[in-house]
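> Provided below for reference: sequence and predicted model.
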Amino acid sequence: MALPVLNRGEKLNPIIELGYNGINFHHRCFLEKGFSSHGRIYQTRRLMPKCSLSSSRPASQPRFIQHKKEAFWFYRFLSIVYDHIINPGHWTKDMRDDALELVELNNRNLTVVDVGGGTGFTTLGIVKHVDAKNVTILDQSPHQLAKAKQKEPLKECKIIEGDAEDLPFPTDYADRYVLAGSIEDWPDPQRGIKEAYRVLKIGGTACIIGPVYPTFWLSRFFEDVWMLFPKEEKYIEWFKKDGFSNVKLKRICPKWCRGVRRHGLIMGCSVTGVKHCSGDSPLQLGPKAEDVKKPVNPLTFLLRLLLGVTATTYFALVPIYMWIKDKIVPKGMPI
């Protein structure tokens, strides 16, 4: 559900549009190609909700499961219960359908890539609007993908293993790029979003559905241990740096949370941007932050994995706590 409430009654438009100021890269790109842009130019404004607090750990410092090898083994076991225990508490069907509205899946012939598609839960929402034969599910976890292959509506989807930072698709390939519940594992989110830009056709839309940072101290502590929960402003910054325009952010939340976001949300926002120039992103990046071919100290690996699993337990309990409060506290009162 879209949230008209930010925190304890603070009213805010649930869909936030941020674009580009004046003549930026996109406008110049059209002029260079002999086109003039007559579309609406969004005036950029800084997104500064009251609860916006700096993370106690910089986003540039990876959390313990924000590494590809650790994430691989983490999801090896989580895939067993993902659809039955994790999704019901954090990523419901109503939230999924609401988050996908911004993607404008308005044609059954659209070419869609579902990156980090995992067990195919988000893909089930996509194939309601797009023919399954036009949808590709990509994930680095064969164990997650094995679950997707078992779902009847996804039988005609292409299902492949791959890396979100190095997608096996040609440039200007897809009409829509969707990613849900994966960016928190990426060592370098900026690089992954740059790949989203590259694989999209001109006029294509990228949608990233992901977590939002907590403001409550204990939740923030466990977030710092576990995975990356970006601030909303950070999503906007990533999209704009990679060249996307018409950037929009829509807040989502399980209905029993009543809009409360202080504990962070594993699925807390849906962010979209449009590609207006063909080719790769204008952003230039250095070498990858993480090379999976390099050996990892086994003790370091095990420590990261165990600490990450411990933090997982905390965030698995948060929706239960909020569900109980929703049942106990009278409607209309803050929880």
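Nice, thanks for sending it over.

> would you mark the buried spots in stretch 102-113?
Leu102, Val103, Leu105, Leu110, Thr111, Val112, Val113 (16 or more other C-beta atoms under 10 Å). Backbone N, C-alpha and C define where each C-beta goes, glycine included.

> all strands of the stretch 201-335 of the chain, in order?
245-251, 265-274 (DSSP state E, counting those that start in this stretch).

> looking at these, which is buried most?
Of the strands of the stretch 201-335 of the chain, the one with the most neighbours on average (mean count of other C-beta atoms under 10 Å) is strand 265-274, at a mean of 25.

> buried stuff in the lengthiest helix in the chain?
Ranked by residue count, the top helix of the chain under DSSP state H comes out as helix 298-328. For helix 298-328, burial by neighbour count (16+ other C-beta under 10 Å) applies to 301, 304-305, 307-309, 311-312, 314-315, 318-319, 322, 326.

> angle of it against strand 265-274?
100 degrees (axes from the mean of the first three to the mean of the last three C-alpha atoms, to 10 degrees).

> which elements pack onto helix 298-328?
In terms of contacts (3 or more C-beta pairs under 8 Å, 6 or more residues apart in numbering; DSSP states H and E), helix 298-328 is packed against helix 68-78, helix 87-90, helix 217-225.

> mean confidence for the last one?
Read that as helix 217-225. The pLDDT scores in helix 217-225 average 85.

> export that helix as PDB, just CAs?
Provided in PDB are the C-alpha atoms of helix 217-225 (Å, rounded to 0.1, in the frame of the first residue of the first chain):
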ATOM      1  CA  TRP A 217      18.800   2.900  17.500                       C
ATOM      2  CA  LEU A 218      18.600  -0.900  17.900                       C
ATOM      3  CA  SER A 219      17.200  -1.500  14.400                       C
ATOM      4  CA  ARG A 220      20.000   0.600  13.000                       C
ATOM      5  CA  PHE A 221      22.600  -1.400  14.900                       C
ATOM      6  CA  PHE A 222      21.400  -4.600  13.400                       C
ATOM      7  CA  GLU A 223      21.100  -3.000  10.000                       C
ATOM      8  CA  ASP A 224      24.700  -2.000  10.200                       C
ATOM      9  CA  VAL A 225      25.600  -5.600  10.900                       C
END
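
> quick one: that helix to chain centroid distance?
19 Å (C-alpha atoms, centre = their mean, to the nearest Å).

> may I see the buried residues of it?
Ser219, Arg220, Phe222, Glu223, Asp224, Val225.

> can you put those in TSV and add distance to Lys231?
Shown next, in TSV, are these (distance: C-beta to C-beta, whole Å):
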residue	distance to Lys231
Ser219	14
Arg220	12
Phe222	17
Glu223	11
Asp224	13
Val225	18
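
> now, which of these sits nearest Ile126?
Glu223 (28.2 Å; C-beta to C-beta).

> that closest one and Thr122, how far apart?
22 Å (C-beta to C-beta, to the nearest Å).

> any idea what the nearest residue to Glu104 once chain neighbours are set aside is bridged to?
Counting by C-beta to C-beta, 6 or more residues apart in numbering, Thr205 is the residue found nearest to Glu104 once chain neighbours are left out, at 6.3 Å. Listed beta-bridge partners, Thr205: Arg176, Val274 (assigned using DSSP bridges).

> so Thr205 makes contact with Val103?
Yes. When contacts are counted by C-beta atoms under 8 Å, Thr205 is listed as touching Val103 (5.8 Å).

> who touches both of the two?
Common contact partners of Thr205 and Val103 (C-beta atoms under 8 Å, 6 or more residues apart in numbering): Arg176, Thr272.

> show me where pLDDT drops low in the stretch 201-335 of the chain?
226, 289-297, 301, 305 (pLDDT under 70).

> most widely separated two among the buried residues of stretch 102-113?
Leu102 and Thr111 (18.0 Å).

> distance of the residue lying closest to Thr171 once chain neighbours are set aside from Val260?
Leaving aside its chain neighbours, Thr171 sits nearest to Arg198 (5.3 Å; criterion: C-beta to C-beta, 6+ apart). Distance, Arg198 to Val260, by C-beta to C-beta: 37 Å.

> just Pro153 next, same as before
From Pro153 to Val260 the distance is 33 Å (C-beta to C-beta).

> got it, and Gly162?
Taking C-beta to C-beta, one finds Gly162 at 36 Å from Val260.

> what about those two, which has more around it?
Val260 (21 against 17; other C-beta atoms under 10 Å).

> state the distance from that one to Leu249.
In terms of C-beta to C-beta, Val260 sits 18 Å off from Leu249.

> likewise for Lys327?
Using C-beta to C-beta, we find Lys327 at a distance of 30 Å from Leu249.

> swap in Ala206?
13 Å.

> now swap in Leu138 and tell me
Taking C-beta to C-beta, one finds Leu138 at 24 Å from Leu249.

> please apply the same query to Arg261.
For Arg261, the distance to Leu249 equals 13 Å [C-beta to C-beta].

> do you have the strands of the stretch 51-200 of the chain handy? List them.
Using DSSP E, counting those that start in this stretch, strands in the stretch 51-200 of the chain cover 112-115, 135-139, 158-161, 174-180, 200-212.
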